[in-house]
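> Sequence and predicted structure are below.
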Amino acid sequence: MHHPKIIIFFLLLLSFTLPSQAQDFSFNLFSNSKVAPLLPAKQAFAFSAHTKDAQHITVQWDIASGYYLYREKINLQILNENGTQLLEYTIPHGKPKHDEAFGDVELLYNTLSFDLPLTRSNQQAHSISLQAKFQGCAERGVCYPPMTQTLSLPLPAQLTTKLAQNPADLSEQDFIIQSLQQDSFLLTLLSFLGFGLLLAFTPCVFPMIPILSGIIIGQGKDITQRKAFLLSFSFVFSSALTYTVFGILAALFGSNLQADFQAPWVIYLFSALFVLLAFSMFDFYHIELPKVLQARLHNASDKHRDGSYLGAGLMGIFSSLIVGPCVAAPLAAALIYIGQTGDVFLGGSALFIMGMGMGVPLLIIGASAGTLLPKAGHWLNASKAVFGVIMLAVAIWMLGRVISAEIHLFLWAILSIISAIYLQALEPLAPACTGWKKLWKGLGIILLSYGLLMLVGLSAGNTNPLQPLKGLNSLTSQSGQESAALKLNFQAIHSLTDLQAALQAASKNKQTVMLDFYADWCISCKEMEAYTFTSPKVQQKLASLLLLRVDITDNTPEHKALLKAFNLIGPPAILFFQQHKELQSKRVIGFQTAEDFLHSIPKN
């Protein structure tokens, strides 16, 4: 009789206890399933980074099983730049997915590792702070908030990595740096003497020839071979010494004094000085200038004519800073070597020997002038007039850096026409005139004709004095139009930010980039413009490249930062990039002919 009551009691007890037990049972089943408790963020997405070499950092995420990162949420930057900036980096692609929160995304699993390229203006060893931002989720549907981690990384001196490269992959500049590091002291000096001799036959040194010749001619009939040589030696020695001192200062402190001397007012001042010296050659006035005027002209005019070796030395100093020399691979290599190693003795000795090598032709000209120049009479006056014209040519050549191309061509036309008149190009020859008279008249007619051609070309819009009538011939008008159509169009770059944006856009389009460092006062830059970039073959090969140009005429802080970022001393310099990385072996420093430049252009 009590048995049914007992059964009902147990059923009631079971009804109260079963839900609780069922819940416990269900929880126990869940807790023992494959889904484990969520890992802390630093364990789920373990981030690390290390220095690969002087120009690369390797970053890595070790992603736990069952977790993933969003590729689009990864962002890296350097906090304390310290002369170092990130270039564009490429994150490996992941698994595509349409996310309800973020749209179309790519998910990254397991291990994620890639390199970050760097651009450095500080070549010394230093540390940087790398900040990484990223976000990820667990596959069970739980997402972590955005995460940020900052790591301190040491960077080695950049020179060590360059010296470890294969010589075949080095640019000419870097190869010379390697030689400076490895060769003996004597071999290094002999090499730079050879570099100087080669540079002596470039347009950078040619303008110094009439300057030195004018100094010697100005001595008049009393000049001796010994005195001519000593004046030449004073000029060359001072030029080489200036070249060395200011080169060392530029390497150690990053200030290119030669670029600072290209300010318009400096160019105008020294052009006026050469005009004054030229007119003194024509005997428009005597050299006995007032002392006040002599002081304002740095005593150059008076001392250049009174036989002062100090005066010749001063002209050598100013000529080395204003007239030349150009930036070439040996010069750039020596200055970079000094800046990176602090070895002033070796680098400075190499610069001085190279400067003396560049002056060897000047010494030969100076030594021979005392023997070859006429000693008295009409010939001496004729020689002075010739060098006066050459000095006017130097003044016009210098003004070409700061005046418009049209005015520059007009000045060349004026000089040619007036010189032709002085050569009696319009005067009839006497029946019994000498052969020399006929020769001068013939030269005068040539100069007159050329001056008139330049005026005609100027009226047609041409600005190149070496090709005043280019494109005017009706038979070549079509080719002229084709050439104009192929004219190189450069995109202006003003800062590292501009450059990085342009390189990033080119990388997306898989386009090769050419970066040209240019300045109006750069002699070799004008040569590249006139003779290399006008080549149809060069234009055709560059047509598919993205052409960038940094015009550092004003030498602003942004321009200096760009030069430092690529270890450049000054223009001309042409760099090529593919996928945001510079092709070091293709770097061009100094002037190259069209034929040589074609080999430097990489395939797109």
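It's in. Treat the numbers as computed from the prediction; the structure is a model and nothing was measured.
> Check which helices and strands the one helix or strand Phe237 maps to is in contact with.
For Phe237, the element it lies in under DSSP states H and E is helix 225-253. The contact analysis (3 or more C-beta pairs under 8 Å, 6 or more residues apart in numbering; DSSP states H and E) places helix 225-253 against helix 208-217, helix 257-260, helix 309-322, helix 329-341, helix 344-358, helix 360-372. C-beta coordinates here come from the backbone N, C-alpha and C atoms, glycine included.
> Which of those helices comes out lowest on mean pLDDT?
Looking at the helices and strands packed on helix 225-253, the lowest mean pLDDT belongs to helix 257-260 (a mean of 58).
> which element follows that helix toward the C-terminus?
Counting by DSSP H and E, what follows helix 257-260 is helix 264-281.
> and that following helix, which residues are buried?
Across helix 264-281, burial judged by 16 or more other C-beta atoms under 10 Å covers Val266, Ile267, Phe270, Ser271, Leu273, Phe274, Val275, Leu276, Leu277, Ala278, Ser280, Met281.
> cool, and stretch 104-123?
105-109, 112, 116-123.
> and what of stretch 137-147?
Buried residues in stretch 137-147 (16+ other C-beta under 10 Å): Cys137, Ala138, Tyr144, Met147.
> now do the same end-to-end measure for that stretch.
11 Å (C-alpha to C-alpha, to the nearest Å).
> can you check stretch 351-365 too?
End-to-end distance (C-alpha to C-alpha), stretch 351-365: 22 Å.
> shaky segments in the stretch 1-150 of the chain?
1-35 (pLDDT under 70).
> What ranges does it have for its strands?
All strands of the stretch 1-150 of the chain, identified by DSSP state E, counting those that start in this stretch, fall at 45-53, 56-63, 67-70, 75-78, 84-86, 95-99, 103-108, 111-120, 126-134, 136-138, 147-155.
> which other residues reach the fifth one?
If you take C-beta atoms under 8 Å, 6 or more residues apart in numbering as the criterion, strand 84-86 is touched by 76-78, 116-122, 126, 128, 155, 496, 500, 565.
> Next, count neighbours for Ala125.
Counted with other C-beta atoms under 10 Å, the neighbours of Ala125 add up to 12.
> er, Val456 actually
14.
> elements contacting the helix or strand harbouring it?
Element membership of Val456, judged by DSSP H and E, is helix 435-459. The elements that helix 435-459 packs onto, with contact taken as 3+ C-beta pairs under 8 Å, 6+ apart, are helix 405-422.
> Now do the helix it packs on and helix 435-459, the angle between them.
160 degrees (axes from the mean of the first three to the mean of the last three C-alpha atoms, to 10 degrees).
> Enumerate the positions of helix 405-422 that are buried.
Using 16+ other C-beta under 10 Å as the burial criterion, the residues of helix 405-422 that qualify are His408, Leu409, Phe410, Leu411, Trp412, Ala413, Leu415, Ser416, Ile417, Ser419, Ala420.
> mind checking how far the last one is from Tyr450?
Pointing back at Ala420 there. Applying C-beta to C-beta, to the nearest Å, the value for Ala420 to Tyr450 is 9 Å.
> give the contact list for Tyr532.
No, residue 532 isn't Tyr; it's Thr. Taking C-beta under 8 Å, 6+ apart, we find Thr532 in contact with Val538, Phe591, Gln592, Thr593, Ala594, Phe597.
> Would you mark the buried spots in the helix holding Val456?
Applying 16+ other C-beta under 10 Å to helix 435-459 flags Trp440, Lys441, Gly444, Leu447, Leu448, Tyr450, Gly451, Leu453, Met454, Leu455, Gly457, Leu458 as buried.
> show me what contacts the first one?
Each residue near Trp440 by C-beta under 8 Å, 6+ apart is listed here: Leu423, Gln424.
> The residue nearest to Leu443 when sequence neighbours are not counted: neighbour count?
Spatial nearest neighbour of Leu443, chain neighbours left out: Leu423 (5.8 Å); criterion: C-beta to C-beta, 6 or more residues apart in numbering. Neighbour count for Leu423, taken as other C-beta under 10 Å: 22.
> Ok, Phe201 next?
The burial count assigned to Phe201 is 11, neighbours taken as other C-beta under 10 Å.
> same question, Asp343
By other C-beta under 10 Å, the burial measure for Asp343, its neighbour count, is 15.
> same thing with the one 10 residues further on?
Counted with other C-beta under 10 Å, the burial measure for Ile353 works out to 21 neighbours.
> Just the C-alphas of stretch 117-136, formatted as CSV.
Only the C-alpha atoms of stretch 117-136 are listed here, as CSV (Å, rounded to 0.1, in the frame of the first residue of the first chain):
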residue,chain,number,x,y,z
PRO,A,117,62.8,46.9,-46.5
LEU,A,118,64.3,50.1,-45.0
THR,A,119,65.7,53.3,-46.3
ARG,A,120,68.4,54.9,-44.2
SER,A,121,70.0,58.3,-44.0
ASN,A,122,71.8,57.3,-40.8
GLN,A,123,74.4,54.7,-41.9
GLN,A,124,75.9,54.2,-38.4
ALA,A,125,74.7,51.4,-36.0
HIS,A,126,71.6,52.5,-34.1
SER,A,127,68.3,51.1,-32.6
ILE,A,128,64.8,51.6,-33.9
SER,A,129,61.3,51.0,-32.3
LEU,A,130,59.1,48.9,-34.5
GLN,A,131,55.3,49.1,-33.8
ALA,A,132,53.0,46.4,-35.1
LYS,A,133,49.2,46.6,-35.1
PHE,A,134,47.1,43.6,-35.9
GLN,A,135,43.8,41.9,-35.2
GLY,A,136,42.7,38.2,-35.2
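> measure the closest residue to Leu466 other than its chain neighbours to Phe591 for me?
Sequence neighbours aside, Ala530 is the residue nearest to Leu466 in space, at 6.9 Å (criterion: C-beta to C-beta, 6+ apart). Distance, Ala530 to Phe591, using C-beta to C-beta: 10 Å.
> returning to that earlier point: what average pLDDT does the helix holding Val456 get?
The model assigns helix 435-459 a mean pLDDT of 87.
> what's the domain layout of this protein?
Domain segmentation of the chain under automatic domain parsing yields 41-156, 171-403, 483-600.
> will you turn the ones you listed into a markdown table that also has distance to Trp436?
Formatted as a markdown table, these follow (distance: least, C-beta to C-beta, whole Å):
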| stretch | distance to Trp436 |
| --- | --- |
| domain 41-156 | 60 |
| domain 171-403 | 9 |
| domain 483-600 | 34 |
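> quick one, which of those is nearest to Ala430?
domain 171-403 (16.1 Å; C-beta to C-beta).
> before we move on, the earlier item: show me the two of the contacts of Thr532 that sit farthest apart.
Checked with C-beta to C-beta, these reach their widest spread between Val538 and Phe591, with 13.3 Å between them.
> wait, what's in contact with the residue nearest to Tyr309 when sequence neighbours are not counted?
Nearest non-adjacent residue to Tyr309, counting by C-beta to C-beta, 6+ apart: Ser234, 4.3 Å away. The contact partners of Ser234, taken as C-beta under 8 Å, 6+ apart, are Tyr309, Leu310, Ala312, Gly313, Gly316.
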